[in-house]
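**Student:** I'll drop the sequence and a predicted model, then ask my questions.
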Amino acid sequence: AQSVTQPDIHITVSEGASLELRCNYSYGATPYLFWYVQSPGQGLQLLLKYFSGDTLVQGIKGFEAEFKRSQSSFNLRKPSVHWSDAAEYFCAVGAISSGSARQLTFGSGTQLTVLP
Amino acid sequence: DGGITQSPKYLFRKEGQNVTLSCEQNLNHDAMYWYRQDPGQGLRLIYYSQIVNDFQKGDIAEGYSVSREKKESFPLTVTSAQKNPTAFYLCASSIDLGTQYFGPGTRLLVL
């Protein structure tokens, strides 16, 4: 069974500083990897995804993530954080179950606070 | 506008009562999912459905039931057997490639 670990429960950065959120996964085959963002009381919005190919993936809102197979990691980065980036971030790994639907396993999330 | 809608935004359940959460999508997605979110625990899969009239239990199906009579709709019933129903419930849908798109959620509270 697959699993996802987000080691940082809460991260605080200053506006304009760089950001890296960590994600480690456990999966027996090539994983499908996702980052989602959630504002309070809202649903999840897809930031970016990795299925295959280039290991550096660009997403929305200036985010990027790098798939490192040797480290089983898929860390999310942003060079300059904006106050509007304050939210909770979830990493997820996808597995092919029977049929075409893919189940996602989510990490427990990292809460990002941005200081002015 | 294509998307996923969930209603109501807030739902209150009395002791021993069954309640139903609505999820509708107009994205023409085949697969639909229900997740439960508790603070500090991420999302846990309750049920999922790949096609109409078929659904599978997820990791925490006990105390919940679903139906999939139409492609667009996947309602979730929280039964009286679910002893700790207070949570944020999220519905999602996907096409074959597996990227899931989420609705805005329903918060269920117990009176």
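**Tutor:** Everything's here; your move.
**Student:** give me the neighbour count for residue 31.
**Tutor:** In the absence of a named chain, chain A is used. 22 (other CB atoms under 10 Å in any protein chain shown). C-beta coordinates here come from the backbone N, C-alpha and C atoms, glycine included.
**Student:** try again with chain B
**Tutor:** 21.
**Student:** how much space separates it from residue A:65?
**Tutor:** 24 Å (CB to CB, to the nearest Å).
**Student:** ok, residue 7 - contacts?
**Tutor:** Here I'm looking at chain A. Taking CB atoms under 8 Å, 6 or more residues apart in numbering or on different chains, we find residue A:7 in contact with A:22, A:24.
**Student:** switch to chain B, please.
**Tutor:** B:21-22, B:106.
**Student:** report the helix or strand with the lowest average pLDDT across chain A.
**Tutor:** strand A:102-106 (a mean of 83; mean pLDDT, DSSP states H and E).
**Student:** host element of the spatially most central residue of chain B?
**Tutor:** Centrality entry for chain B: nearest residue to the mean C-alpha point is residue B:34, 3.2 Å, by CA atoms, centre = their mean. Using DSSP states H and E, residue B:34 falls within strand B:31-37.
**Student:** and the angle for that strand with strand A:102-106?
**Tutor:** Counting by axes from the mean of the first three to the mean of the last three CA atoms, to 10 degrees, strand B:31-37 lies at 20 degrees to strand A:102-106.
**Student:** right, I'll leave it there.
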